[in-house]
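Visitor: mind folding the following:
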Amino acid sequence: MKVKYDDKFGKKHNNLYTVMGVIADILFYPIILFSLLCCFIIYIDKSDNKIPSIFGLSLVSVSSSSMEKGGFKIKDIVFLKQIDTNNLRAGDIIAFYYYKDTADAHITTETAILVQSYDRNNETATAYNAPESTSEEISERASIDEVSGVRKASVYFHRIVDIYADESGTLFFQTQGDSNAGKDGILICEDYVAGIYSYTPEFIRGLFKFIASPTGIIILVVVPLSILVLFMSFSIIEQVYNIFLERKVLRREVRYDSKEAVEASIGVEMDILDKIQFFAQSPPEERQKVAQFLWGFLKFGKKKEEKEYEKISYLTGIFEENPKHFWLYWIGRARSNKRKRQIEEIWQNWDLEKTVFKKISKKLKTKSLKTK
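Guide: Numbering: from 1, shown residues only. Purely as a prediction, here's the structure:
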């Protein structure tokens, strides 16, 4: 015997809270990832001495107007890529820590050997024969981490105009802002180069600048996160409401086939232990409808769920004549010994209640016959 199908309990019903919850689930990861990107850009914009790198790429904020002639405005955020300093050429734009260590105090344009120079007017570079190393360098200078952290040297974004080398072959860079009349005051050791400028389209720079602005923070970070929180709040409200409604249905305070229970899809979300107990304790004349309330949605699932529906439909249909198969089916499906014991306990309690009910009914019937 199969339970007669009732499409009233078949498909899961969606209300406003459910739709909002689904939208929140869809938007959650894109908004979170985009917000993290925005926060990273804001951090870069606010930091004057930190250049975090991810997979060899970094972002740096242009903090002055010294490169405006080169097309870079204040607050532009541009990409950098790490590079072997031996591959740098005069004319390249680099980001570096503006710092000269005491170990390099003797390195000047007079004592170092010119390797390359850049003609700003013609935008051409001239290379000279680099000297061979005559001594092995023993570096005593501060590391780039110390310079960026403890010593908090500022980050510059300028063009290389001359490249020098000392007797050990260590490179030093003379830099200058395209808008500046004079060269920077110190030679920058290759150890303190953070990266070379990687082409960043103007619209990307503008987008980064907007993200880092107060308006951009509100529109691209605060507003999306607020919307996400709102949508997730709807989902939480729905879940809390359904939990309380489910408890009422289980306590028989609200009928399982009431409009609110059906629309909230209580039977779909109910825990399997509650389903088994609720079905077994239902009046015999209602068990067919109760079965549809609890498992009817499986009919609209995948092929595996359809087969499960057919099996449950058969077992609930013969429950009155042979309930043992119903209980054994769920015990066999239990994924843990604990769950098996729980189902067996429900079965024993149900069997005990049924036996007690039969005895009471028999006594009442006998008493009624004697009275007559």
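
Visitor: can I get stretch 206-214 in PDB, CA atoms only?
Guide: As requested, the backbone C-alpha atoms of stretch 206-214 are provided in PDB (Å, rounded to 0.1, in the frame of the first residue of the first chain):
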ATOM      1  CA  GLY A 206      40.900  56.100 -10.600                       C
ATOM      2  CA  LEU A 207      38.800  53.200  -9.300                       C
ATOM      3  CA  PHE A 208      41.400  52.500  -6.600                       C
ATOM      4  CA  LYS A 209      41.500  56.200  -5.700                       C
ATOM      5  CA  PHE A 210      37.700  56.200  -5.400                       C
ATOM      6  CA  ILE A 211      37.600  53.100  -3.300                       C
ATOM      7  CA  ALA A 212      40.100  54.700  -0.800                       C
ATOM      8  CA  SER A 213      38.000  57.900  -0.600                       C
ATOM      9  CA  PRO A 214      35.400  58.500   2.200                       C
END
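
Visitor: and residue 163, that one's in a strand?
Guide: Yes. Per DSSP: H, G, I helix; E, B strand; the rest coil, residue 163 lies within a strand segment.

Visitor: for residue 353, see how far away it is.
Guide: Distance, residue 163 to residue 353, using CB to CB, to the nearest Å: 92 Å. Quick note: C-beta positions are derived from backbone N, CA and C, even for glycine.

Visitor: so for these two, which sits in the more crowded spot?
Guide: Higher neighbour count among residue 163 and residue 353: residue 163, with 27 against 12, using other CB atoms under 10 Å.

Visitor: per-residue confidence for the more buried one?
Guide: For residue 163, the model assigns a pLDDT of 94.

Visitor: isn't it up against residue 90?
Guide: Yes. Residue 163 lies in contact with residue 90 (CB atoms under 8 Å); the separation is 5.6 Å.

Visitor: give me the common contacts of these two.
Guide: Taking CB atoms under 8 Å, 6 or more residues apart in numbering as the criterion, residue 163 and residue 90 both touch 116-117.

Visitor: what distance do you get for residue 181 to residue 93?
Guide: Counting by CB to CB - residue 181 and residue 93 are separated by 18 Å.

Visitor: hang on, I meant residue 318
Guide: For residue 318, the distance to residue 93 - CB to CB - is 81 Å.

Visitor: looking at these two, which is more packed in?
Guide: Applying other CB under 10 Å to residue 318 and residue 93 shows that residue 93 carries more neighbours, namely 18 against 15.

Visitor: now do the SS call for the closest residue to that one other than its chain neighbours.
Guide: Spatially, and ignoring its direct neighbours in sequence, residue 93 is nearest to residue 197 (4.0 Å; CB to CB, 6 or more residues apart in numbering). Secondary structure, three-state DSSP: residue 197 is strand.

Visitor: got a list of what residue 197 touches?
Guide: So residue 197 contacts 78-80, 92-95, 157 (CB under 8 Å, 6+ apart).

Visitor: do residue 280 as well
Guide: Here residue 280 is in contact with 319, 323, 326, 346-347, 350 (CB under 8 Å, 6+ apart).

Visitor: repeat that for 6 Å
Guide: Counting by CB atoms under 6 Å, 6 or more residues apart in numbering, residue 280 touches residue 350.

Visitor: for the chain, just list every one of the strands.
Guide: Counting by DSSP state E, one finds strands in the chain at the ranges 53-54, 57-61, 77-81, 93-97, 113-119, 124-127, 155-165, 171-176, 188-189, 193-198.

Visitor: to residue 289, which of those strands lies closest?
Guide: strand 53-54 (58.3 Å; CB to CB).
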